[in-house]
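K.L.:
have a look at this prediction, sequence included:
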Amino acid sequence: MTFEAYEAANRQAQKAYRAAMNRGDYPYLPALDDFLPYEKTAGEKYIGIVEIPLDLVVGTKTAGRQNSFANNFMPLLGSETEFAYKWSDLHAAQLAEGIRDPIVAYEYMHRFYVMEGNKRVSVLKSLNAAKISAKVTRIIPKKTDDLETKIYYEFVDFYEDTKIYDIWFSQQGSYEKLIRYYGYKPGQEWDEDHRNSLRSEFLSFRKNYKAKGGDKINITSGDAFLAYIDIFPAWQLQTSGAEEIRNNLAKMWDEFLTLAQNKSIKIVLEPQQKEKTLAGRSILNRILSTETLKQLKIAFIYEKSVDNSAWNYAHEMGRMHLEHVFGNRVKTSIYEHAEYTDNSEDIIEAAIQDGNKIIFTVAAQLANASVKAAVKHPDIKILNCSTNSKYQAIRTYYCRMYESKFLLGVIAGALSETNDIGYMADYPIYSTIANINAYSLGAQMVNPRVKVHLRWNCVKSEFKGGWPDSVQIISDKDWINPEHPTRRYGLYNRLADGRIENIAASVCHWGKVYELIIRSILEKTWKTEVEKNKNRALNYWWGISAGVLEIFCSQKLPDGTRILIDMLTESIRRREFNPFESSWLKQDGGVVHEADNRLEPEDIFKMDYLASNVQGGIPKLDELKDEVKEFVHLQGGF
C-alpha cells in the first residue's frame, strides 16, 4: 500500500494548521455542537439523500474526531497510524470505483457538519471533488432580524422550489430575483430541465470566476453570478468557450469589486464644479473652444415617443437647452421607442456605432440595457435617468423632488379649509416615499391637524380609492402630456363647480441637469469623481441648491404664504434647512430623527415608512398593475 496521497494530504494539513495558529484562529475542524446552543434553533427537518457541494462541508457535528483533521479537512495524524491506513484505503477505493456510501451530515445556515464520514469528506476534498452524497438533516435557526438569518430563510424557500444547495447570497431579495430571471415565481416548483440548466450555468461561472481570483473578492459566488447574468445571458455559460467567459469576466471585474464595497453606492447631492473665477472662465472658454474642434456627439434615448409622453417631452426640452447653451460644440440626436429589452439594447448599440460618446437613457426601464452597453463599451459615458443603480459602469441622475414636495405641502396645509389634503403617487420605489413624507411634513408644519389622503396611480382598479369630499387640494403628477393636456397636475384645488384651479407645480430643469453634467465632463471633474469614488456607483441626486429644481406658484397665492415659501426655498437653497431635520412620527408610532440622530441621504433615499398624518399605505406587489411590476422591481420597490 502506498501512502503518497496520505502524506501529501498531511502536508496540506500541517500547512493549514500552522497558518491558523499564526493568525490566532482555531486550527481544527469546528464542531457544530460546541457553538450552537439548542435555544437558538427552531427544530430539525430531514432533507433526504442529497448531492452536496464539498466546499460547503466545513466541520463536524460533534467534537469526537475533530482533532484528527486540520480546519481544511486534511488529516493531521502520522502515516504510521491506523487512521492513515483507513484513509489510504478509502483513497484507493475512490480511484478504483468511487465512494458510494453517503455520509451523514447536519446542515445549519447553509453549511454542513459531518456526523459520520469525515474521512470520506477528507479524501474527496484532497482529490478536489465537487460533490459528495449525504443524508442531510437541516437544523432550522430561530427567526431574527439578523440579515444572515433573513437570507437563510429566503434560501430555504428557494431550496424547496429548486432542490439546489450550491448558491448563496449576501443580500436580501437575491433569490427572488434569480427565480424570476429563470421565468418562475416564488413558491413555484422548478422542472428538472431548469434545475439542471441553473446548476450547469452556475457551476460553469463559478469555476471560471474562482480561476480568475474571485475568492479574493468579499462577495459570494452567487452575488457575482447574479450580477454577471444581469449583463450576459446565463445560457451563454453553457455554449460559450472558456476564453469568451474569461473575457466577459474581465469586463465585469470592476462591478464585482463595486459589489464588495461596504458602501458601494455614492449619492452625490451637489454637482462638482470648478471655481468660477475670471481666470477659471478664461480657461473654461479655452477648453470649450478646443472642444469645438472635437465636437461632442450626445445621444438621448427615449423609451417611447417624444410627442406622446409628458416625461420624454420634458427631457426633450432639456436636450434643446443643451444645444442652445453649447451651440456647435455639441451635436445631439434622439432615438425613440426603446421599449423592449432586445430593442433597447440594439438602439443603444446603434447610438454608439453612430459615434455618440455620451448617451443619456431617459427612463429607469432602460437601466439594465444601459449597464450592458457600458460594460461592453467602457470608453462611452452612459447615464440613466433613475434613482437606484448599483453599477459603477453607468451613472444615474434625478432631481431631489422631496424638497419641492415639502414646499407644495406647506402651501396645501396653509390653504386647506378642511384639514384634509390629497397626494397622488406614481410608483412605490426609492425616493417616492420621501416625496410623500416631505409633502406631509410640510403641510403639518403650518397645520398640525392636517391629514394627507394617499392614492396610487399604479395599482389595479380594485385597489383604487376616490377622494373624500373633504379633500379639495391635491398634489398630482408633475409632468404634462402634450398630446393629452390636463389641469390635473402639480398642486391644484377642486372647486365646487367641478373646475380645477392650479396653485403650484414642481419643475425639474432637466436642461440644467444636462448642462451641469456636460460641463463636468469638459472641466474634467467627471474624472476626479471617479478617482475619489473608486469602485462605487455614483448617483446624482440634485435639488434646489444646484439650481435644477424649483416650484412655480399661481399669482392667486396669498401674499403671506408666498413670503413663507420664498423664505423656505432660500433656506433650502443655502442648505440651512432640510425638510427632514426635525423629529417626526411614523404611522407605527416610532420617532424619526430623535436627538442628534440625523438622517443621512441614503436614509431619506430608501425610506420605506410613512408619516403618522398619512392616511393610506404602500401597495404590495400583487396590488400593482402587471405592466409596472418589473419597473418597481428594477427601481427598488417595497
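P.N.:
Thanks, I have the structure now. Residues are numbered from 1 along each chain as shown.
K.L.:
biggest strand in the protein, by residue count?
P.N.:
Once the chain is assigned using DSSP state E, the strand that runs over the most residues is strand 41-53.
K.L.:
run the chain-centre distance for that one.
P.N.:
Centre-to-centre, strand 41-53 and its host chain are 31 Å apart (C-alpha atoms, centre = their mean, to the nearest Å).
K.L.:
give me the sheet partners of it and which way each runs.
P.N.:
Strand 41-53 sits in its sheet next to strand 131-141 (antiparallel), going by DSSP bridges.
K.L.:
got the buried residues for the longest strand of the chain?
P.N.:
By 16 or more other C-beta atoms under 10 Å, the buried positions in strand 41-53 come out as 47, 50, 52-53. No exception for glycine: its C-beta is placed from N, CA and C like everyone else's.
K.L.:
and for stretch 73-82?
P.N.:
In stretch 73-82, counting by 16+ other C-beta under 10 Å, buried: 73-77.
K.L.:
of these, closest to C553?
P.N.:
In terms of C-beta to C-beta, no member of these lies closer to C553 than F73, at 71.7 Å.
K.L.:
wouldn't the closest one be in contact with L29 here?
P.N.:
Yes. With contact defined as C-beta atoms under 8 Å, F73 reaches L29; the gap is 6.8 Å.
K.L.:
leaving out sequence neighbours, find the closest residue to the most centrally placed residue in the chain.
P.N.:
Closest residue to the average C-alpha location of the chain: K390 at 5.2 Å, with C-alpha atoms, centre = their mean. Spatial nearest neighbour of K390, excluding adjacent residues (C-beta to C-beta, 6 or more residues apart in numbering): A537 at 5.2 Å.
K.L.:
OK, contacts around that neighbour?
P.N.:
By C-beta atoms under 8 Å, 6 or more residues apart in numbering, the residues touching A537 are 258, 264-266, 389-392, 395-396.
K.L.:
tell me the mean pLDDT over stretch 101-115?
P.N.:
The pLDDT scores in stretch 101-115 average 96.
K.L.:
try stretch 419-433
P.N.:
So the average pLDDT for stretch 419-433 ends up being 92.
K.L.:
next, the buried residues of that stretch.
P.N.:
420-425, 427-433.
K.L.:
adding distance to E550 and secondary structure, write the residues you listed out as TSV.
P.N.:
Output for the buried residues of stretch 419-433, formatted as TSV (distance: C-beta to C-beta, whole Å; DSSP: H, G, I helix; E, B strand; the rest coil):
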residue	distance to E550	secondary structure
D420	27	strand
I421	21	strand
G422	23	strand
Y423	20	strand
M424	21	strand
A425	21	strand
Y427	23	coil
P428	26	coil
I429	23	coil
Y430	23	coil
S431	18	coil
T432	20	helix
I433	22	helix
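K.L.:
export these to JSON lines and append columns for distance to Y153.
P.N.:
Below are the buried residues of stretch 419-433 laid out as JSON lines (distance: C-beta to C-beta, whole Å):
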{"residue": "D420", "distance to Y153": "41"}
{"residue": "I421", "distance to Y153": "40"}
{"residue": "G422", "distance to Y153": "38"}
{"residue": "Y423", "distance to Y153": "34"}
{"residue": "M424", "distance to Y153": "36"}
{"residue": "A425", "distance to Y153": "30"}
{"residue": "Y427", "distance to Y153": "27"}
{"residue": "P428", "distance to Y153": "23"}
{"residue": "I429", "distance to Y153": "25"}
{"residue": "Y430", "distance to Y153": "24"}
{"residue": "S431", "distance to Y153": "28"}
{"residue": "T432", "distance to Y153": "28"}
{"residue": "I433", "distance to Y153": "25"}
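K.L.:
need the max-distance pair from these.
P.N.:
D420 and Y430 (27.8 Å).
K.L.:
what's around G498, how many residues?
P.N.:
G498 is flanked by 6 other residues according to other C-beta atoms under 10 Å.
K.L.:
per-residue pLDDT of it, please?
P.N.:
Reported pLDDT for G498: 81.
K.L.:
quick check: it is in a helix.
P.N.:
No. Counting by DSSP: H, G, I helix; E, B strand; the rest coil, G498 is not part of a helix but coil.
K.L.:
phi and psi next, for it.
P.N.:
Note on G498: backbone dihedrals following degrees, to the nearest 10 are phi 90, psi -10.
K.L.:
from Q472, how far out is it?
P.N.:
Separation of G498 from Q472 (C-beta to C-beta, to the nearest Å): 12 Å.
K.L.:
low-scoring stretches of the protein, by residue?
P.N.:
Residues of the chain meeting the criterion pLDDT under 70: 1-2, 274-293, 341, 480-486, 594-597, 633-638.
K.L.:
same thing but at 50, please
P.N.:
277-280, 290-292 (pLDDT under 50).
K.L.:
quick revisit: which SSE is immediately downstream of the longest strand of the chain?
P.N.:
Later in the chain than strand 41-53, the nearest helix or strand by DSSP states H and E is strand 57-60.
K.L.:
what ranges does the stretch 401-550 of the chain have for its helices?
P.N.:
401-415, 432-446, 510-522, 525-532 (DSSP state H, counting those that start in this stretch).
K.L.:
okay, angle between the second one and helix 401-415 too, please.
P.N.:
When you say that, I think you mean helix 432-446. 30 degrees (axes from the mean of the first three to the mean of the last three C-alpha atoms, to 10 degrees).
K.L.:
point out the other helices and strands that helix 432-446 packs with.
P.N.:
If contacts are counted by 3 or more C-beta pairs under 8 Å, 6 or more residues apart in numbering; DSSP states H and E, helix 432-446 sits against helix 401-415, strand 420-425, strand 451-456, strand 614-615.
K.L.:
can you rerun that using 6 Å?
P.N.:
Here helix 432-446 touches helix 401-415, strand 420-425, going by 3 or more C-beta pairs under 6 Å, 6 or more residues apart in numbering; DSSP states H and E.
K.L.:
CA atoms only for stretch 350-370 - export them in CSV, please.
P.N.:
The C-alpha coordinates for stretch 350-370 follow below in CSV (Å, rounded to 0.1, in the frame of the first residue of the first chain):
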residue,chain,number,x,y,z
ALA,A,350,-26.8,51.9,-32.8
ALA,A,351,-26.2,55.2,-31.0
ILE,A,352,-22.7,54.1,-30.1
GLN,A,353,-22.0,53.0,-33.7
ASP,A,354,-23.2,56.4,-34.8
GLY,A,355,-20.3,57.9,-33.0
ASN,A,356,-22.0,59.2,-29.8
LYS,A,357,-19.6,59.4,-26.9
ILE,A,358,-22.2,60.5,-24.3
ILE,A,359,-25.5,58.7,-24.0
PHE,A,360,-28.5,59.7,-21.8
THR,A,361,-31.1,56.9,-21.5
VAL,A,362,-34.1,58.7,-20.3
ALA,A,363,-36.1,56.0,-18.5
ALA,A,364,-35.4,53.8,-15.5
GLN,A,365,-36.6,50.8,-17.6
LEU,A,366,-33.5,51.3,-19.8
ALA,A,367,-31.1,50.9,-16.8
ASN,A,368,-30.2,47.3,-17.4
ALA,A,369,-29.6,47.8,-21.2
SER,A,370,-27.5,50.9,-20.3
